[in-house]
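Chemist: what follows is a predicted protein model with its sequence.
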There are 2 protein chains.
Amino acid sequence: MPVAKRSTIDPARTRAAIVEAAGPLLYERGIDGVGVAELCARLGVSKETLYRHFGAKDGLVQAVLEARSERVHRWMAAAVAAVGDDPADQLAAVFDALGRWYREPEFRGCAMVNAAAQHHDDPVRAVTGRHLGRYLDLLSGIAARAGVADPDGLGRRLLMLVEGATVVAAHHGVADTAVQAREAALALLAAARSG
Amino acid sequence: MPVAKRSTIDPARTRAAIVEAAGPLLYERGIDGVGVAELCARLGVSKETLYRHFGAKDGLVQAVLEARSERVHRWMAAAVAAVGDDPADQLAAVFDALGRWYREPEFRGCAMVNAAAQHHDDPVRAVTGRHLGRYLDLLSGIAARAGVADPDGLGRRLLMLVEGATVVAAHHGVADTAVQAREAALALLAAARSG
DNA sequence: ACCACATCGAACCGATCGGTACGATCCGGG
DNA sequence: CCCGGATCGTACCGATCGGTTCGATGTGGT
């Protein structure tokens, strides 16, 4: 085996396991809602290990958010790719995927937006910004493939729908939120095509 | 003077002053970002007074959010009323008002949504729910006056745009977010009218 | 077999948290 | 003038916070 000398018991694996296990807990209860002590207890990990890997609680939070953002975008990209090449179908697929997410009992809104709402300055907000940026890329890409005049503008409007639907689903829990959002998105696409 | 016996120095006035002064501080730094001690110091009020009026920090938070929600809706209703009777103008006025808000340096997103993102169960979330409900009433009302087939559905789609634009403006800071949202809203209105 | 190192578990740190208690002060209605 | 109550300022409470330290344990590479 070249490269990857690594010492013992593989710290990288430990780190990844921490990130994976801490994610749902921090998402469910909020970043400030769960202390490092309890976090370590639930993870079956000592505080020393946690601090060696992440330096501070914020380091863990950042890693967790980064991983979650990555996961979300992979999942979204897969949902889009699964329906073929038609831009309208792809757009509908985005909101159908969101609708499936909203119905999960653990759904608590967008983790990145929630985190940014409580950690005001920090690099945490940067993660949220990048998350929205990647969402924008996906939506603008669909808009571009649909051949609209202003794909970036349409992408931004669709981004608002995505995040708005997530907020409404989280805090105003109406069953068909994603369906309404999908219809709105398709209407915006149609308007951009004809305009 | 009948009624309003009141003891001395008017506790109601004190309470109102606390709510008004605490609002901006809690909004700027986040609910968990400012402790009761500092809060009292900045307000020029003793902890005993605060706890006599609100029982607990959450009581103050709830009162502050309630007051803010009220203020927002009065402000929005005024912006809508100022442009006359045309539904499209009224809808545009909503997003123009939002755009003015987004440009304020203290803008940090929707206070109620931010609060609900960190206080998970609680009556705080109920305040957020009512806040969105009132927003929905305003938007559905505009939709109804526009004579669309499904005013409630259009209201919900517009609500997503409002909250989505606020999230995007707060976390993805693009200058013309409100303009994009307004165009999207008008497009949805037009689509609902013709559809 | 040995050693470097990752990990654990628990003790410990100072700071801060939300909340309470108390004496001093001050104001307004009788 | 005087008393009830609203207020202040401060000290104080136990709990918890994020973070550090250390000895014990166990594992893997050599």
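Modeler: Thanks, I have it.
Chemist: going forward, measure contacts between C-alpha atoms and count neighbours the same way
Modeler: OK.
Chemist: nearest residue to residue A:156 in space, please, no chain neighbours.
Modeler: Distances taken as C-alpha to C-alpha, 6 or more residues apart in numbering or on different chains put residue A:136 closest to residue A:156, at 6.4 Å, once the chain neighbours are dropped.
Chemist: what is the neighbour count of the one you found?
Modeler: 23 (other C-alpha atoms under 10 Å in any protein chain shown).
Chemist: ok, it touching residue A:153?
Modeler: No. Assessed by C-alpha atoms under 8 Å, residue A:136 is found out of contact with residue A:153, at 9.9 Å.
Chemist: could you check how far residue A:9 is from DNA strand D?
Modeler: 5 Å (C-alpha to the nearest atom of the strand, to the nearest Å).
Chemist: helix/strand/coil for that residue?
Modeler: coil (DSSP: H, G, I helix; E, B strand; the rest coil).
Chemist: how many neighbours does it have?
Modeler: Residues lying near residue A:9 (other C-alpha under 10 Å) number 8.
Chemist: got the confidence number for residue A:194?
Modeler: On pLDDT, residue A:194 comes in at 86.
Chemist: before we move on, back to that, quick one, what contacts the residue nearest to residue A:156?
Modeler: A:155, A:156, A:159 (C-alpha atoms under 8 Å, 6 or more residues apart in numbering or on different chains).
Chemist: quick one: the helix or strand hosting it near DNA strand D?
Modeler: Residue A:136 is part of helix A:122-145 when elements are defined by DSSP states H and E. No. Helix A:122-145 lies out of reach of DNA strand D by C-alpha under 7 Å from any atom of the strand, never closer than 12.5 Å.
Chemist: now that helix, how far from the centre of its chain.
Modeler: 10 Å (C-alpha atoms, centre = their mean, to the nearest Å).
Chemist: and if you look at stretch A:80-95?
Modeler: The answer for stretch A:80-95 is 18 Å, by C-alpha atoms, centre = their mean.
Chemist: now stretch A:153-164
Modeler: A distance of 15 Å separates the C-alpha centroid of stretch A:153-164 from that of its chain, computed with C-alpha atoms, centre = their mean.
Chemist: what is the burial count for the residue nearest to residue A:131 when sequence neighbours are not counted?
Modeler: Once flanking residues are discounted, residue A:131 sits nearest to residue A:69: 6.0 Å by C-alpha to C-alpha, 6+ apart. Residues lying near residue A:69 (other C-alpha under 10 Å) number 22.
Chemist: from what I can see residue A:69 touches residue A:132, true?
Modeler: No. Here residue A:69 does not reach residue A:132: they are 9.3 Å apart, not a contact under C-alpha under 8 Å.
Chemist: so how far is chain B from the nearest residue to residue A:39 once chain neighbours are set aside?
Modeler: In space, and not counting its chain neighbours, residue A:39 is closest to residue A:22: 7.1 Å by C-alpha to C-alpha, 6+ apart. Taken as C-alpha to the nearest C-alpha, to the nearest Å, the spacing of residue A:22 relative to chain B amounts to 17 Å.
Chemist: what sits against residue A:108?
Modeler: So residue A:108 contacts A:27, A:28, A:170 (C-alpha under 8 Å, 6+ apart).
Chemist: what's the closest of those to chain B?
Modeler: Nearest to chain B among the contacts of residue A:108, counting by C-alpha to the nearest C-alpha, is residue A:28 at 8.3 Å.
Chemist: residues contacting stretch A:117-127, please?
Modeler: So stretch A:117-127 is contacted by A:58, A:61-62, A:65-66, A:112, A:115-116, B:29-33, B:109, B:114-115, B:117-118, B:171 (C-alpha under 8 Å, 6+ apart).
Chemist: below-threshold pLDDT in chain A: ranges please.
Modeler: Residues of chain A meeting the criterion pLDDT under 70: A:1-8.
Chemist: up against chain B, what does it have?
Modeler: A:29-33, A:109, A:113-120, A:125, A:128-129, A:132-133, A:153, A:156-157, A:159-165, A:167-168, A:171-172, A:177, A:180-181, A:184, A:187-188, A:191 (C-alpha under 8 Å from any C-alpha of the partner chain).
Chemist: what subset of those is buried?
Modeler: The neighbour-count test (16 or more other C-alpha atoms under 10 Å in any protein chain shown) marks A:29-31, A:109, A:113-119, A:125, A:128-129, A:132-133, A:153, A:156-157, A:159-165, A:167-168, A:171-172, A:177, A:180-181, A:184, A:187-188, A:191 as buried among these.
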